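Novice: sharing a model that was predicted from the sequence below.
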Amino acid sequence: MNAIIECLQGDIANQPDIDAVVNAANARLETGGGVAGALHRAAGPRLAEECRPLAPIRPGQAVITGAYALPNRYVIHCLGPVYGVDEPADVLLADCYRQALELAHRHEVSSIAFPAISAGAFGYPAAEAARIALSTVLDSLPELAGLKRVRFVLFDAASTELYQRTLDTLTFH
(Lines give C-alpha, C1' and ligand atoms only; values in the text may rest on other atoms or scores of the structure.)
Protein backbone atom coordinates (compact mmCIF):
# COMPACT_ATOMS: atom_id res chain seq x y z
CA MET A 1 0.00 0.00 0.00
CA ASN A 2 1.52 3.29 -1.15
CA ALA A 3 -1.04 5.63 0.39
CA ILE A 4 -0.78 7.22 3.81
CA ILE A 5 -3.95 7.05 5.90
CA GLU A 6 -4.33 9.76 8.54
CA CYS A 7 -6.89 10.43 11.25
CA LEU A 8 -6.87 14.07 12.33
CA GLN A 9 -9.10 16.33 14.36
CA GLY A 10 -9.97 19.44 12.38
CA ASP A 11 -12.18 21.34 9.96
CA ILE A 12 -12.98 19.53 6.69
CA ALA A 13 -13.41 22.95 5.02
CA ASN A 14 -9.80 23.88 5.83
CA GLN A 15 -7.61 21.17 4.27
CA PRO A 16 -5.41 23.18 1.88
CA ASP A 17 -2.97 20.30 1.20
CA ILE A 18 -5.74 17.97 -0.06
CA ASP A 19 -6.99 17.69 -3.69
CA ALA A 20 -10.57 16.62 -2.88
CA VAL A 21 -12.71 16.93 0.23
CA VAL A 22 -15.76 14.77 0.78
CA ASN A 23 -19.10 16.24 1.75
CA ALA A 24 -21.47 14.24 3.95
CA ALA A 25 -24.30 15.46 1.75
CA ASN A 26 -28.06 15.43 1.89
CA ALA A 27 -30.06 14.00 -1.01
CA ARG A 28 -30.72 17.46 -2.50
CA LEU A 29 -26.98 18.40 -2.27
CA GLU A 30 -28.00 21.57 -0.44
CA THR A 31 -26.41 23.53 2.36
CA GLY A 32 -27.34 21.89 5.62
CA GLY A 33 -25.88 21.52 9.05
CA GLY A 34 -22.60 19.87 9.94
CA VAL A 35 -20.17 19.05 7.14
CA ALA A 36 -22.49 20.11 4.30
CA GLY A 37 -23.08 23.50 5.89
CA ALA A 38 -19.38 24.08 6.57
CA LEU A 39 -18.32 23.16 3.03
CA HIS A 40 -21.08 25.15 1.31
CA ARG A 41 -20.38 28.25 3.43
CA ALA A 42 -16.65 28.05 2.71
CA ALA A 43 -17.06 27.26 -1.00
CA GLY A 44 -19.56 30.05 -1.71
CA PRO A 45 -22.82 30.09 -3.70
CA ARG A 46 -21.38 28.66 -6.94
CA LEU A 47 -21.08 25.24 -5.26
CA ALA A 48 -24.86 25.13 -4.70
CA GLU A 49 -25.40 26.21 -8.32
CA GLU A 50 -23.28 23.32 -9.64
CA CYS A 51 -24.95 20.86 -7.25
CA ARG A 52 -28.55 21.72 -8.17
CA PRO A 53 -28.74 19.78 -11.49
CA LEU A 54 -26.92 16.77 -9.97
CA ALA A 55 -29.58 16.23 -7.27
CA PRO A 56 -31.20 14.23 -5.96
CA ILE A 57 -28.76 11.45 -5.16
CA ARG A 58 -29.51 8.14 -3.45
CA PRO A 59 -27.96 6.69 -0.29
CA GLY A 60 -24.57 5.23 -1.17
CA GLN A 61 -24.16 7.45 -4.25
CA ALA A 62 -21.43 10.05 -4.85
CA VAL A 63 -21.03 12.94 -7.30
CA ILE A 64 -18.15 15.35 -7.89
CA THR A 65 -18.06 19.14 -8.32
CA GLY A 66 -15.55 21.93 -8.32
CA ALA A 67 -14.47 23.34 -4.95
CA TYR A 68 -14.81 27.08 -5.73
CA ALA A 69 -13.56 29.15 -2.75
CA LEU A 70 -12.36 26.05 -0.87
CA PRO A 71 -8.58 25.45 -1.02
CA ASN A 72 -9.14 22.18 -2.93
CA ARG A 73 -9.73 21.12 -6.54
CA TYR A 74 -12.91 19.12 -5.95
CA VAL A 75 -15.73 18.36 -3.57
CA ILE A 76 -17.07 14.80 -3.70
CA HIS A 77 -20.61 14.66 -2.31
CA CYS A 78 -21.75 11.37 -0.74
CA LEU A 79 -25.16 10.58 0.67
CA GLY A 80 -24.67 8.24 3.59
CA PRO A 81 -27.47 6.05 4.91
CA VAL A 82 -29.73 7.19 7.72
CA TYR A 83 -29.15 4.53 10.36
CA GLY A 84 -32.23 2.38 10.93
CA VAL A 85 -33.96 3.75 7.81
CA ASP A 86 -31.79 3.12 4.73
CA GLU A 87 -30.95 -0.58 4.41
CA PRO A 88 -28.66 -2.42 4.10
CA ALA A 89 -26.93 0.41 5.97
CA ASP A 90 -23.48 -1.21 6.04
CA VAL A 91 -23.46 -1.80 2.26
CA LEU A 92 -24.71 1.73 1.54
CA LEU A 93 -22.09 3.30 3.81
CA ALA A 94 -19.30 1.26 2.19
CA ASP A 95 -20.66 2.29 -1.23
CA CYS A 96 -20.21 5.96 -0.25
CA TYR A 97 -16.51 5.49 0.39
CA ARG A 98 -16.00 3.22 -2.63
CA GLN A 99 -17.77 5.61 -5.02
CA ALA A 100 -15.90 8.63 -3.63
CA LEU A 101 -12.58 6.82 -4.14
CA GLU A 102 -13.57 5.81 -7.69
CA LEU A 103 -14.45 9.43 -8.55
CA ALA A 104 -11.16 10.58 -7.05
CA HIS A 105 -9.29 8.03 -9.15
CA ARG A 106 -11.10 9.06 -12.37
CA HIS A 107 -10.22 12.72 -11.73
CA GLU A 108 -6.55 11.94 -10.92
CA VAL A 109 -6.85 13.03 -7.30
CA SER A 110 -3.76 12.17 -5.25
CA SER A 111 -5.20 13.13 -1.85
CA ILE A 112 -8.69 12.98 -0.38
CA ALA A 113 -10.21 13.96 2.98
CA PHE A 114 -13.30 12.25 4.40
CA PRO A 115 -15.54 13.23 7.29
CA ALA A 116 -17.25 10.55 9.39
CA ILE A 117 -20.08 9.96 6.88
CA SER A 118 -23.47 9.14 8.50
CA ALA A 119 -22.01 9.25 12.03
CA GLY A 120 -23.54 12.63 12.91
CA ALA A 121 -27.17 13.59 12.32
CA PHE A 122 -27.78 10.35 10.36
CA GLY A 123 -27.25 8.38 13.58
CA TYR A 124 -24.78 5.70 12.48
CA PRO A 125 -23.02 4.23 15.55
CA ALA A 126 -19.54 5.78 15.55
CA ALA A 127 -17.49 2.61 16.08
CA GLU A 128 -19.29 0.74 13.30
CA ALA A 129 -19.07 3.76 10.95
CA ALA A 130 -15.31 3.95 11.60
CA ARG A 131 -14.82 0.22 10.94
CA ILE A 132 -16.77 0.34 7.66
CA ALA A 133 -15.06 3.55 6.50
CA LEU A 134 -11.53 2.41 7.22
CA SER A 135 -11.92 -1.19 6.04
CA THR A 136 -13.52 -0.01 2.77
CA VAL A 137 -10.66 2.43 2.14
CA LEU A 138 -8.03 -0.20 2.99
CA ASP A 139 -9.71 -2.75 0.68
CA SER A 140 -9.94 -0.22 -2.18
CA LEU A 141 -6.44 1.24 -2.04
CA PRO A 142 -4.58 -1.54 -3.92
CA GLU A 143 -6.55 -0.63 -7.09
CA LEU A 144 -5.92 3.12 -6.73
CA ALA A 145 -2.23 3.60 -7.49
CA GLY A 146 -2.50 7.39 -7.94
CA LEU A 147 -3.96 7.98 -4.49
CA LYS A 148 -1.17 8.91 -2.09
CA ARG A 149 -3.02 10.29 0.96
CA VAL A 150 -6.37 9.50 2.56
CA ARG A 151 -7.25 11.70 5.51
CA PHE A 152 -10.14 11.27 7.90
CA VAL A 153 -10.94 14.69 9.35
CA LEU A 154 -12.88 14.25 12.57
CA PHE A 155 -14.81 16.84 14.53
CA ASP A 156 -13.62 16.04 18.05
CA ALA A 157 -10.86 14.29 19.98
CA ALA A 158 -12.97 11.25 20.88
CA SER A 159 -13.86 10.57 17.22
CA THR A 160 -10.26 11.09 16.14
CA GLU A 161 -9.04 8.61 18.76
CA LEU A 162 -11.74 6.09 17.74
CA TYR A 163 -10.75 6.27 14.05
CA GLN A 164 -7.03 6.01 14.86
CA ARG A 165 -7.59 3.02 17.16
CA THR A 166 -9.77 1.36 14.51
CA LEU A 167 -7.15 1.99 11.83
CA ASP A 168 -4.43 0.53 14.06
CA THR A 169 -6.55 -2.59 14.69
CA LEU A 170 -7.25 -3.09 10.98
CA THR A 171 -3.66 -2.58 9.82
CA PHE A 172 -1.69 -4.33 12.54
CA HIS A 173 -3.70 -7.53 13.03
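Specialist: Yep, it's here. Numbering: from 1, shown residues only.
Novice: next one: the one residue sitting closest to the centre of the chain from Ile4, what distance?
Specialist: In the chain, the centroid-proximal residue (Cα atoms, centre = their mean) is Phe114; its distance is 3.2 Å. Distance of Phe114 to Ile4, given as Cβ to Cβ, to the nearest Å: 14 Å. Using the backbone N, CA and C atoms, a C-beta is placed for each residue, glycine as well.
Novice: any common contacting residues for the two?
Specialist: Val150 (Cβ atoms under 8 Å, 6 or more residues apart in numbering).
Novice: can you give me the strands in this protein?
Specialist: In the chain, the segments counted as strands under DSSP state E are 4-9, 20-24, 62-66, 74-78, 111-114, 149-154.
Novice: what bridges to the residue nearest to the centre of the chain?
Specialist: In this entry, Phe114 is beta-bridged to Phe152, by DSSP bridges.
Novice: for Asp168, find the nearest of the strands of the chain.
Specialist: Proximity of those to Asp168 was assessed by Cβ to Cβ; the nearest stretch is strand 4-9, lying at 9.4 Å.
Novice: that closest one: partners in the sheet, and parallel or antiparallel?
Specialist: Strand pairing for strand 4-9, determined by DSSP bridges: strand 149-154 (parallel).
Novice: ok so, going back, list the contacts for the residue nearest to the centre of the chain?
Specialist: Val22, Tyr97, Ala100, Ala133, Val137, Val150, Arg151, Phe152, Val153.
Novice: now do 10 Å
Specialist: 12, 20-24, 35, 76, 78, 96-97, 100-101, 133-134, 137, 150-154, 163 (Cβ atoms under 10 Å, 6 or more residues apart in numbering).
Novice: which stretches of the protein form helices?
Specialist: 34-43, 45-51, 89-106, 126-140, 157-172 (DSSP state H).
Novice: got TSV for the ones you listed, with mean pLDDT, mean neighbour count and distance to Ala119 too?
Specialist: Below are the helices of the chain laid out as TSV (pLDDT from 0 to 100; neighbours: other Cβ atoms under 10 Å; distance: least, Cβ to Cβ, whole Å):
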stretch	mean pLDDT	mean neighbour count	distance to Ala119
helix 34-43	94	21	10
helix 45-51	96	16	22
helix 89-106	97	20	9
helix 126-140	97	20	4
helix 157-172	95	16	7
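Novice: between the ones you listed, which one is closest to Gln61.
Specialist: Among these, helix 89-106 sits nearest to Gln61 (Cβ to Cβ), with 6.4 Å.
Novice: what's the most buried one of the strands of the chain?
Specialist: Most buried of the strands of the chain by mean neighbour count (mean count of other Cβ atoms under 10 Å) is strand 20-24; its value is a mean of 28.
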